[in-house]
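Asks: Model the structure of this input:
(chains A and B)
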Amino acid sequence: MDHPDTAVTESAAAPEEMEQPAAEKATIVVQSGDFDKVQSAFIISNGALAMGMEVSLYFTFWGLMRLRKDSTLDSGPLSKMHMFGLGKWMIKRRMKKAGAVPLERLAKDFKELGGKIFACDMTMAIMGVKAEDLRQDLIEEYCSVGTYIEEARHSIITLFI
Amino acid sequence: MAEIKLDVRGETCPVPLVEVRKALRRAAPGDVVEVVGTHPSSKKEIPLAVRALKLELVSVKEEGDTWTIRIQR
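Replies: Numbering: from 1, shown residues only, chains lettered A, B, ... in the order given. The predicted structure follows:
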């Protein structure tokens, strides 16, 4: 967090600081673990971050399963036309051809641009997942609904995916 | 004042936008970021991001399928 009194520069003509003290916020619940939906969540997030917003992703239920160390971000089924993996294989091939970047790259950019990932601790209890079973390189904090609501009520974009 | 060049030709959504943002974060105030790309929507959307970030859009040029956008941090 920038301290406003230390961020003041001597020149009045200096360009504005890029990081505004109260950046607009997007808060997204990632409940689905479907490959295409997780992909959408990260694309929207990275767009918002690139356009100067703060973004928090709340991974819960099937979404949280994609953050397991023994899984991969892109291991979920296609939400439609999965066809025992054939549909997903086709879509992934077409995505590659179209130049779409892999989920792991989207997640790396997300972190680099300051995006935050929260993990639902109730899901962890239900599924018997411990913090050390999860991608701690990506997760910022473990929390429950109160943290989400507190952030969502101050967000101008809220989505449930 | 430095000039940072960025080539995102062939890259698609959301890479051009994200790479521009990364370059702008690396840039010092006053530096110019010049990005060249081919993704059609990004030609419209990078200027929107520049406005949202309250930075200066220096120029947008297009030659065939390739566009060049200059931004001052």
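Asks: quick one: secondary structure of the spatially most central residue of chain A?
Replies: Centroid-nearest residue in chain A: A:Leu57, 4.1 Å away (criterion: CA atoms, centre = their mean). With DSSP: H, G, I helix; E, B strand; the rest coil as the basis, the three-state label of A:Leu57 is strand.
Asks: all strands of the chain, in order?
Replies: Went with chain A since none was named. Taking DSSP state E as the criterion, chain A contains strands spanning A:25-30, A:54-59, A:116-120, A:141-143, A:157-160.
Asks: try again with chain B
Replies: B:3-8, B:32-37, B:56-63, B:66-72.
Asks: now the last one, how far from the chain's geometric center?
Replies: The offset between the C-alpha centroid of strand B:66-72 and the centroid of the whole chain comes to 5 Å, using CA atoms, centre = their mean, to the nearest Å.
Asks: List the buried residues for it?
Replies: B:Trp67, B:Ile69, B:Arg70, B:Ile71, B:Gln72 (16 or more other CB atoms under 10 Å in any protein chain shown). Glycine gets a C-beta too; all of them are placed from N, C-alpha and C.
Asks: Which helix in chain A has the most residues?
Replies: When chain A is parsed with DSSP state H, its longest helix is helix A:35-50.
Asks: what about it, near chain B?
Replies: Yes - counting by CB under 8 Å from any CB of the partner chain, contacts between helix A:35-50 and chain B involve A:Ile43, A:Asn46, A:Gly47, A:Leu49, A:Ala50.
Asks: Is it correct that the third one is in contact with B:Leu17?
Replies: Yes - counting by CB atoms under 8 Å, a contact exists between A:Gly47 and B:Leu17, whose distance comes to 5.9 Å.
Asks: quick one, which of the two is more surrounded?
Replies: B:Leu17 (27 against 19; other CB atoms under 10 Å in any protein chain shown).
Asks: who does B:Glu3 bridge with?
Replies: On the basis of DSSP bridges, B:Glu3 is bridged to B:Val32.
Asks: and it, how many neighbours?
Replies: Residues near B:Glu3, counting by other CB under 10 Å: 10.
Asks: which non-adjacent residue is nearest the residue sitting nearest the centre point of chain B?
Replies: Note on chain B: the residue nearest the mean C-alpha position is B:Val35, at 4.4 Å, using CA atoms, centre = their mean. Of all residues not flanking B:Val35 in the chain, B:Leu6 sits nearest, at 4.2 Å (CB to CB, 6 or more residues apart in numbering or on different chains).
Asks: and the one you found, what does it touch?
Replies: Contact analysis of B:Leu6 by CB atoms under 8 Å, 6 or more residues apart in numbering or on different chains lists B:Glu19, B:Val20, B:Ala23, B:Val33, B:Glu34, B:Val35, B:Val36.
Asks: quick check, nearest of the residues you listed to B:Ala49?
Replies: Distances from B:Ala49 to these, taken as CB to CB, are shortest for B:Val20 (6.7 Å).
Asks: Find the closest residue to chain B in chain A.
Replies: Nearest residue of chain A to chain B: A:Ala50, at 3.9 Å (CB to the nearest CB).
Asks: That residue and B:Ala23 touch, don't they?
Replies: No - taking CB under 8 Å as the definition, A:Ala50 is not a contact partner of B:Ala23, at 10.7 Å.
Asks: If you count surrounding residues, which of these two has more?
Replies: In this view A:Ala50 and B:Ala23 are compared by other CB under 10 Å, and A:Ala50 has more residues nearby, 25 against 19.
Asks: thinking again about what came up before, list, out of the buried residues of strand B:66-72, those positioned next to chain A.
Replies: B:Gln72.
Asks: Chain A: which of the buried residues of strand B:66-72 is nearest?
Replies: B:Gln72 (7.6 Å).
Asks: No further queries at this time; thank you.
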